[in-house]
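Engineer: Need the 3D shape of this:
(chains A and B)
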Amino acid sequence: MSQMKGLVQFITDIRNSKEQEQEDRRVQSELVHIQKQFQQPNLSGYHRKKYICKLLYIYLMGHEFTFGLSEAMALARSRVYSEKTIGYLALSLFYQTRTEDVDTVFETIHNDLAHQKEDFVCLALQFLSSVADSEAYSRAFEEQVFQLIRSPLSSSLVRKKAVLTMLQLLKIDPLLVTRQPSLVSRVAPLINDSDFGVSIAAVSLVQHVAKLDLDLCASCTTLALEKLHKIVVEAECPASHMYHGIPAPWLTVKLFQLLETLVPNIDAMPLDQANMHTVRTVIQRAISMAISQLPLVSAEARHTRDFVLLGAVSLAAHVDPSADQSTIAADALCQLLQSAETNTRYLSLAALAKLAARNDEPVLMTINKHIEQIFSLLRDRDVSVRRLSLDLMYIICNSDTVQQMCQRLLEYLSVTDFAMKSEVAVKIAVLAEKFATNATWYVTTMMKLISGAGNYLDEEVRQRLIQIVVNNDSIQATACRLCYSALKSGTYPESMVKVAAFLLGEFGTQLDTPLVQQFELLYSCYFQTSVTARCVLLSSFLKFYVHEPQLRPRILELYQQESNSFSAEIQQRCLEYSKLVTLPDSSLLNLVVVAMPPFQSKISPLISRLGNVQQLQQSFQLNLPYAARSSSSLERPKSPKKAAPPRPRSRKNTNPIMSPPLNSTTTPSLTDLDDSSRSMSHFSDSQFSYNSAANPSVDHLPAFSPNWKEGYYRLLHYDQGIFYEDSLFKILFRLRRNHAQLHYELSYSNKSPGTITGLTSEVIANLSNAEDPGYVIKIIKHPESTITSNSKSVQIFDVTVRKPYLDREAPSISISFVCGTLCQYKLRLPAVVGKIMVRGTPLPKESFFTRWRQVSSLPGGECQKVIRLSSPMQTVILSRTMQLFGFNLLKNIDYNMHNIVCTGILSMAAGGAGCLMRIETNPQDARVLRITMRCTVSGLADILVGTLTDLLDNI
Amino acid sequence: MLESARDLRISKWYTSVPDKQKKQTILKVHRLISSRDHQKQSNFVNFENQKLVYRRYNGLFFVMAVDVQDNELSYLEMVHLTVEVLDSYFNNVCELDIIFNFYKVYQVLDEMFLSGEFQETSKQVVLDRLHYLDNLE
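Structural biologist: Below you'll find the predicted structure:
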């Protein structure tokens, strides 16, 4: 697009304007000029474009005007690309506020979306994605956009833009998913598209859908993992998408995030074995590559390595509860703490906090190894880094490290900026109380804290210390001694005076120092302190008055003197106290001045200031779709509901220093337990609904693809053969029986001349009772998503039978892929309980009948059924079928040569069962049979007879 | 996403916001970013319910607003990729290029982002496309 001289001149004029007024005049005259030009009947496309550009510039400067929309529209309908671009750009900026002419705009978009010129289609998609803001757009365009995604004629360029435009329509209208049920199955294979632009677009769309409805995206996990494996492990990436030597970093982190969304909770919805294996390989490789790389030259490469690493660590913390993985991740992050980049240090700390919040012992140990590094970050240049390292220390602290931690924090307290002092002080106080194992250490630390924090100390810290000292006889003397010497030293904050006043007044008698000396010291502070401290001192002196007769005249003198104080508070106190001590009867005085009773308070006032570790942990828990998103800011929680006491963490040795009467702070209160149980039940509720939604109703067989029967019935008695075949592909089937375990190998062959892409195959459990399932599926290997012509790929999985289940509960398999068009299949898997049958031992006639009779006494042990087959069946074929099914044919037991007697054993995981069967045939009518089955497990006979009837009827 | 210096040069919105609110938001972002210490502080700052990821290139700030859970550093590097693309496209880009060719900057953005998501992360692919478009009439 060539430069427009008029526009350049106009912009230059504006830039040369010396004053605002001059600029405004220039703009106004230009607006008048443009308006006049627009009224000309034969305005050329070029001129129209130029004037619209000027209007755009005026608009971006922030001026307002009310014309130009119809000219922009005319420009958008132009057949010249450069004019169309400007037309659409102007429309996208002006259009929003003025909504007349909707029909014309829609018509223009429709025409361009259907245009044969790809560039016009792209412009229309870009425009649509930036203006679509209501359902009207999605309803009008979803079909056309979807068509562009599906059409094999669309180029990668159009397809990626169409996918993202679809995402915009989905954002404004989430119900679109229900109107276009095949959307995900069409977009999912694109995750694995060879064009990385298409791939990243598809990932964004699928992630958004997964947030709306996770079930729709169940098959995407495997696809995303396969793409990740290709990029991260196999280093498969076109040169154009290498960024400073790193393959497709943005796509990689997008895929990491997609996986976090697809697996919202690994405990509730575990990955199958094959996927878990892949995810571990990918994460390990991503982390080890990031660590092992030599110092990278360019800043870009370093940043990129770091963000991929952070993405991998976040995923590891999310999906892999194994300690190894988390430890490796923690180690990697700790190394990043040394980075020269503020951003990296900041983000690694945040990621470490997220990891540490899971509270795994090995992870905490790993982080603790790097504790020096974290300490040093307390002196970082960036305040947000300092804050985060403080938070991290708070999370990882335990009884082993508390002494070191508090020591460091106390040192830090003296140098930290004022904004953080109070926060540091509260954290020290809480940690000291929570993890202290030594009472003297606790008191010493707290006294240091009070000296160090000075006037930044919160009232609550002081109150809490006093509560604890009052409730613990063993530390009272030490506490008094410490604050006495603190005051004696001459430099002390006012809060120390308050603490000393209270403690010496209460427990001063426990000190060797005479009370008179103690009083002198406190008295010397009196006139240097504020009103509130004086009040505390005055109350303290009342106690001295009671304890030490020698001091009484001086104290009384002070009271009388201060009765004239300017402060009403002091004046009142002094009046009351002097009245009290001068009463002839001292009984009232003795009633007022009694030893402090132990505090009953169960809640440390500090916790309300700080939030407990759990809340801090929660604030690091990210993006669980169905958990309410907690604020990720690390500020102190303000809502009163959060003021619950800390729960003991599952770490060893969290014994509080407090003696039992004070057991307060580490005992979880009822409210706290309630909270956790509630959240758990909420969780299982949502999980339950997920499960039931995933299961097709068991009362009806799910709808299978046509032609499922042939393969199913063939493999109901054979263990090898063709499971499915059509013109595009073929599935070969192989089964190995191993006690309760059925080991399946399905091999997919591509028979078409083209390539199969986006192949997903999901084995679906149709169980009615998920709590106590009849069988368990374990995926060992997924098929590869791409199969070129004439090649094949294998899927392996195990079905372990636990106990009898109905045939209709047997698993099914759902397959989808793109080969020219989207193909979807749903097939019934021959994995009924009878498939685990192995031949029973041959029995002599007598013992057969003994057992036959024994089993008959078991309720539900027998099933007898007369069946009429649709076509006659020879006894030889019948016997052969039974043998293939797994029975052992016994000869010479039945007197009638035409009858079949056989035995089988089913070794289910929950217990084995023996089966005895007799089939009576009718020589006159080979279509009629009578089956009598007796089994040692109740209910099994019914199921097996059902399976056999079904089989015999369909071969 | 928006880019600003002393004056706003270009802004691109991926959510629908009335003009009035846009102006207020731009003002707030401007104040917030200019209050930051660019030597010492990180390139991320919380803003309303989002995070701003920003980076300064000479007098120009490039600012992106992203979700709180997004990987900040990947967006920061995306800002850099955008600048690399602009630099190659305008052949050593400066603020004047962006002022005089503002409509072309929109074109660049439309090739790299769509619906507020990454569209193309290959510098080569984007540049090829831009040069192709330049040669169209």
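Engineer: CA only for contacts and neighbour counts going forward, please
Structural biologist: Noted.
Engineer: Quick check: residues of the stretch 101-250 of chain A near chain B?
Structural biologist: Along the stretch 101-250 of chain A, the residues adjacent to chain B under the rule C-alpha under 8 Å from any C-alpha of the partner chain are A:126, A:129-131, A:133, A:160-161, A:164-165, A:167-168, A:196-198, A:200-201, A:204, A:240-243, A:248, A:250.
Engineer: So which of these are in helices?
Structural biologist: Counting by DSSP state H, these place A:126, A:129-131, A:160-161, A:164-165, A:167-168, A:196-198, A:200-201, A:204, A:250 in helices.
Engineer: Give me the below-cutoff pLDDT ranges for the chain.
Structural biologist: Since you didn't name a chain, this refers to chain A. Counting by pLDDT under 70, chain A has low-confidence residues at A:1-2, A:96-100, A:293-296, A:321, A:323, A:599-702.
Engineer: wrong one, I was asking about chain B
Structural biologist: For chain B, applying pLDDT under 70 flags the ranges B:1-6, B:137.
Engineer: can you give me the helices in it?
Structural biologist: B:19-34, B:72-89, B:95-100, B:102-112, B:123-134.
Engineer: who wins for proximity to residue A:325 among those?
Structural biologist: helix B:72-89 (22.5 Å; C-alpha to C-alpha).
Engineer: what about the closest one and chain A, touching?
Structural biologist: Yes: using C-alpha under 8 Å from any C-alpha, helix B:72-89 reaches chain A at B:73, B:74, B:77.
Engineer: which residues touch the first one?
Structural biologist: By C-alpha atoms under 8 Å, 6 or more residues apart in numbering or on different chains, the contact set of residue B:73 is A:303, A:304, A:306, A:307, A:343, A:344.
Engineer: Which ones among these also lie next to chain B?
Structural biologist: A:303, A:304, A:306, A:307, A:343, A:344.
Engineer: Tell me which of those fall in helices.
Structural biologist: A:303, A:304, A:306, A:307, A:343, A:344.
Engineer: Neighbour-wise, which one of the residues you listed leads?
Structural biologist: residue A:307 (26 neighbours; other C-alpha atoms under 10 Å in any protein chain shown).
Engineer: Enumerate every residue touching it.
Structural biologist: Residue A:307 makes contacts with A:253, B:71, B:73, B:74, as judged by C-alpha under 8 Å, 6+ apart.
Engineer: hang on, residue A:735 packs against residue A:745?
Structural biologist: Yes: counting by C-alpha atoms under 8 Å, residue A:735 does reach residue A:745; the two are 6.4 Å apart.
Engineer: returning to that earlier point: which one of the helices of chain B lies closest to residue A:63?
Structural biologist: Short answer: helix B:19-34, nearest of the helices of chain B by C-alpha to C-alpha, at 11.3 Å.
Engineer: in that closest one, what counts as buried?
Structural biologist: B:26, B:29, B:30, B:33 (16 or more other C-alpha atoms under 10 Å in any protein chain shown).
Engineer: can you check stretch A:546-564 too?
Structural biologist: Neighbour counts over stretch A:546-564 (16+ other C-alpha under 10 Å) mark A:546, A:547, A:551, A:552, A:555, A:556, A:558, A:559, A:560, A:562, A:563 as buried.
Engineer: ok, so of those residues, who is nearest residue A:407?
Structural biologist: For these, with residue A:407 as the reference and C-alpha to C-alpha as the criterion, the closest is residue A:547, at 37.1 Å.
Engineer: Narrow the contacts of residue A:307 to those that are buried.
Structural biologist: Listed as buried from the contacts of residue A:307 are A:253, B:71, B:73, B:74; burial here means 16+ other C-alpha under 10 Å.
Engineer: Now render those residues as CSV, adding distance to residue A:223.
Structural biologist: CSV is the format used below for the buried ones among the contacts of residue A:307 (distance: C-alpha to C-alpha, whole Å):
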residue, distance to residue A:223
A:253, 15
B:71, 22
B:73, 25
B:74, 22
